[in-house]
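1. here are the coordinates; sequence isn't available:
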């Protein structure tokens, strides 16, 4: 059986129980406020925000929120992200702990906003 293909972020969020929807909405609004020009899309069947040919993704799993700012875009945030790192360019925020929304906002800005070195 083919997994459900989400048409947009609203569709993605609505597919989860109410308590998880609240967390997903908080992450979505955090990124929207941090980078208001970013476009919301579904990529790899997960919510994503695109701007300047760059993307950040997030998704909910059984015990965590996955956040994907890309491997080099956690540089400078190592002290804050080391307890969440699960692989190159991916962070896992445990669902039983407060989600670090302020960190997500700063990582989204770092990933999506143009930098002088690029």
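-> That came through fine. Source: prediction; values computed, not measured.
2. Nearest spatial neighbour of residue 31, chain-adjacent residues omitted?
-> Using C-beta to C-beta, 6 or more residues apart in numbering and skipping the chain neighbours, the partner closest in space to residue 31 is residue 108 (4.7 Å). Where you see a C-beta, it was placed from the backbone N, CA and C, and this is true even at glycine.
3. what about the one you found, which SS state?
-> Under DSSP: H, G, I helix; E, B strand; the rest coil, the three-state class of residue 108 is helix.
4. I'd say it and residue 49 touch.
-> Yes - checked against C-beta atoms under 8 Å, the pair residue 108 and residue 49 is within contact range at 6.7 Å.
5. okay, and the common contacts of those two?
-> Here residue 108 and residue 49 have 31, 35, 38, 56 as joint contacts, going by C-beta atoms under 8 Å, 6 or more residues apart in numbering.
6. So which of these belong to helices?
-> The subset of the shared contacts of residue 108 and residue 49 located in helices under the criterion DSSP state H comprises residue 31.
7. As JSON lines, the shared contacts of residue 108 and residue 49 with pLDDT, neighbour count and distance to residue 82 would be great.
-> Formatted as JSON lines, the entries for the shared contacts of residue 108 and residue 49 read as follows, by pLDDT from 0 to 100; neighbours: other C-beta atoms under 10 Å; distance: C-beta to C-beta, whole Å:
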{"residue": "31", "pLDDT": "97", "neighbour count": "26", "distance to residue 82": "22"}
{"residue": "35", "pLDDT": "97", "neighbour count": "22", "distance to residue 82": "24"}
{"residue": "38", "pLDDT": "97", "neighbour count": "22", "distance to residue 82": "26"}
{"residue": "56", "pLDDT": "94", "neighbour count": "25", "distance to residue 82": "19"}
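8. Closest one of the shared contacts of residue 108 and residue 49 to residue 96?
-> residue 31 (22.1 Å; C-beta to C-beta).
9. Can you verify my assumption that the closest one contacts residue 107?
-> No - the pair residue 31 and residue 107 does not pass the contact test of C-beta under 8 Å, sitting 9.3 Å apart.
10. which residues do the two both contact?
-> Contact criterion C-beta under 8 Å, 6+ apart; residues bridging residue 31 and residue 107 by contacting each: residue 56.
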